[in-house]
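Enquirer: sequence plus predicted model, see below.
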Amino acid sequence: MVTQEQRKRQLAREKFLRQQQRRTAARRKARVRNSVIASVLGVIVVGSLTLYTTGALKDDDKAKASSEASPAPSPSKAKDPCAKPAAGAVKKETWKKEPAVTIDKSAKYTMKLDTTCGAIDIALKASAAPHTVNSFDFLAGKGYFDHTKCHRLTTNGIYVLQCGDPTGSGSGGPGYTIPDENLKDASLKNNVYPAGTVAMANTSQPHTGGSQFFLVYQDSPLPPSYTPFGTVSESGMAVLKKIAAAGENTGAGDGAPNATVVIDKATVSKS
């Protein structure tokens, strides 16, 4: 026969066991919750890094120095789909000030890049970006872009090919800068530069464009801080996609293109 005292002890023991079970379950839930929070924070950190890198369309060598400071993944070298560059040397002439605007803002202008990977035709926006188009007309007429490499291909976060630096280092320019223009272009919706856009690179500061420009081969999330001054033709887009398909040389999504992209000749024509 169970005495009253024994019954009290049994009830107390059962109560203690129930409390232990609840505490164990609570600790298990806490561990699961903390692991989920850690995973979410990891996603946020990765997302933040991606957003940070998308703002790096600069014409200086800071981004390059940063990438060289830490080892990158081993690149996967793709077959070069492009031809050998034409014979000739890069011109290194510079000018102290922006050339006077002499283009006809009401006329149509086209820039043609005869590259080792194929011709890229670009319809220029003379009325919306007269300083930029005038500068390209001036520089192309001087042979400034001839025999220059397109030195940067980005394949992660944003999707662009960057050209226009005679030094091939990302830090070169014509010696002068031009003002930002056309930053409210109707094509720039929701902070996206659509595929086919041609825009100016800069130093992340206003009115610091020089000669470097980028060609967007796939819609790219970017703030409207880079002068859009042209649109690539359909045949030109096919050339860009061929270059992009060959990848870049770091394996990290931002480096020199594996394709040998050289502008043999750049011309600007008025029609």
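Expert: Thanks, I have it.

Enquirer: check contacts around the closest residue to residue 243 other than its chain neighbours.
Expert: Spatial nearest neighbour of residue 243, chain neighbours left out: residue 259 (4.7 Å); criterion: CB to CB, 6 or more residues apart in numbering. Where C-beta positions appear, they are placed from N, C-alpha and C, glycine not excepted. Residue 259 makes contact with 78, 80-82, 117, 242-243, 246, according to CB atoms under 8 Å, 6 or more residues apart in numbering.

Enquirer: do a quick rundown of the strands in the protein.
Expert: Secondary structure of the chain, counting by DSSP state E: strands at 109-115, 118-124, 148-149, 152-156, 158-163, 192-193, 197-200, 213-216, 220-221, 228-232, 254-255, 262-270.

Enquirer: save these as TSV, and put in mean neighbour count, distance to residue 138 and mean pLDDT too.
Expert: Listed next are the strands of the chain as TSV, based on neighbours: other CB atoms under 10 Å; distance: least, CB to CB, whole Å; pLDDT from 0 to 100:
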stretch	mean neighbour count	distance to residue 138	mean pLDDT
strand 109-115	21	12	98
strand 118-124	20	13	98
strand 148-149	22	16	98
strand 152-156	22	23	98
strand 158-163	24	17	98
strand 192-193	22	25	98
strand 197-200	27	15	98
strand 213-216	26	14	98
strand 220-221	18	28	98
strand 228-232	24	14	98
strand 254-255	20	30	98
strand 262-270	18	9	98
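
Enquirer: so which of the ones you listed is nearest residue 131?
Expert: For the strands of the chain, proximity to residue 131 was assessed by CB to CB; strand 228-232 is nearest, at 9.2 Å.

Enquirer: check what pLDDT residue 244 gets.
Expert: Note for residue 244: predicted pLDDT of 98.

Enquirer: now do the contacts for it.
Expert: Listed by CB under 8 Å, 6+ apart, the contact set of residue 244 reads 153, 155, 159, 161, 217-218.

Enquirer: and the strands of the chain: which comes nearest residue 185?
Expert: Among the strands of the chain, the nearest to residue 185 by CB to CB is strand 228-232 (4.9 Å).

Enquirer: just checking, what packs against the closest one?
Expert: Packing partners of strand 228-232 (3 or more CB pairs under 8 Å, 6 or more residues apart in numbering; DSSP states H and E): strand 118-124, helix 130-141, strand 197-200.

Enquirer: report the distance from the first one to the chain centre.
Expert: Its chain's average C-alpha position is 20 Å from that of strand 118-124, according to CA atoms, centre = their mean, to the nearest Å.

Enquirer: the longest one too?
Expert: For helix 130-141, the gap between its own C-alpha mean and the chain's C-alpha mean amounts to 23 Å (CA atoms, centre = their mean).

Enquirer: that older thread, and the furthest pair within the contacts of residue 259?
Expert: 78 and 117 (13.0 Å).

Enquirer: tell me which residues touch the closest residue to residue 172 other than its chain neighbours, please.
Expert: Residue nearest to residue 172 in three dimensions, not counting chain neighbours: residue 165, with 4.1 Å by CB to CB, 6+ apart. Each residue near residue 165 by CB under 8 Å, 6+ apart is listed here: 59, 148-149, 151, 171-173, 211-212.

Enquirer: export those to TSV and tack on distance to residue 94?
Expert: Compiled in TSV, those are given as follows (distance: CB to CB, whole Å):
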residue	distance to residue 94
59	14
148	14
149	18
151	18
171	13
172	9
173	8
211	10
212	14
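
Enquirer: would you write a ChimeraX line that selects the buried entries of the residues you listed?
Expert: Here is the ChimeraX command that selects the buried residues among these (16 or more other CB atoms under 10 Å):
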select :59,148,149,151,171,172,173,211,212
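
Enquirer: which one among the contacts of residue 165 gets closest to residue 254?
Expert: Checking the contacts of residue 165 against residue 254 with CB to CB, the nearest one is residue 151 at 11.5 Å.
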